[in-house]
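# using only what follows, build the 3D model:
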Amino acid sequence: MSKKREESKNSFLSIITRYLILLLVALPNLWLFYFVFAPLTIYPTYFLFDIFFDISLSGHIISVSECFPLEIVGACIAGAAYYLLLILNLSIPNIKLGKRLKMILFAFSILLIANILRIFILGLIFVGGFSWFDITHKIFWYFLSTIFVVVIWFTEVKLFKIKDIPVYSDIRYLYKNSILKK
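Got it, this is the predicted structure:
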């Protein structure tokens, strides 16, 4: 088999593998992200609150001073944000496995830290009894959560010198090597 044909076969196999992983990870309902990141989010948040308050933990509920229950629901875990970062990282072609794993670990770590800090800050606002908790929570939910993902992705692009465009580069490659082009 010629070298060009072998490279083409490997590229096509890479595309299938990367998108199959994305499909399998999404089923059912992103449970893998919630399974992995729920404890990674809840326990550090609990430990942060424990520095400043008398607290207890029961499942997903952190009770601060026995008066303020902070329930960390699935949306707080941000499973969809982790999935979006995984999509962006796996839909880039021509990246070696080691570099790809570093990119994913970097993105997930930064999002996890930002998410823990977000929950902690919102918890402090709630416990403090500030009247602007609801609006602050909505701003974090609708606006800043999207900004977190965008900033993390652009940081990755710069830090890891990513030249390709997610999804588009794969579609362009498939079209270029398809019978439609010939």
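# quick check: mean pLDDT of stretch 102-115?
Per-residue pLDDT over stretch 102-115 has a mean of 97.
# could I get the buried residue list for it?
103, 104, 106, 107, 108, 110, 111, 112, 114, 115 (16 or more other Cβ atoms under 10 Å). C-beta coordinates here come from the backbone N, C-alpha and C atoms, glycine included.
# same question for stretch 48-63.
48, 49, 53, 55, 57, 60, 62, 63.
# residues in contact with the helix or strand where residue 169 lies: which ones?
Assigned by DSSP states H and E, residue 169 belongs to helix 168-176. If you take Cβ atoms under 8 Å, 6 or more residues apart in numbering as the criterion, helix 168-176 is touched by 11, 12, 15, 18, 19, 91, 92, 93, 181.
# now swap in stretch 79-87 and tell me
22, 25-26, 30, 33-34, 37, 104, 107-108, 111, 115, 145, 148-149, 152-153, 166.
# strands along this protein, start to end?
55-58, 61-64, 68-71 (DSSP state E).
# low pLDDT regions in this protein?
Scanning the chain for pLDDT under 70 picks out the ranges 1-9, 181-182.
# which residues of it fall in helices?
Assigned helices in the chain, in chain order: 3-26, 31-52, 74-77, 79-90, 97-127, 133-139, 145-159, 168-176 (criterion: DSSP state H).
# so which bits of the shortest one are buried?
The neighbour-count criterion (16+ other Cβ under 10 Å) identifies 76, 77 as the buried residues of helix 74-77.
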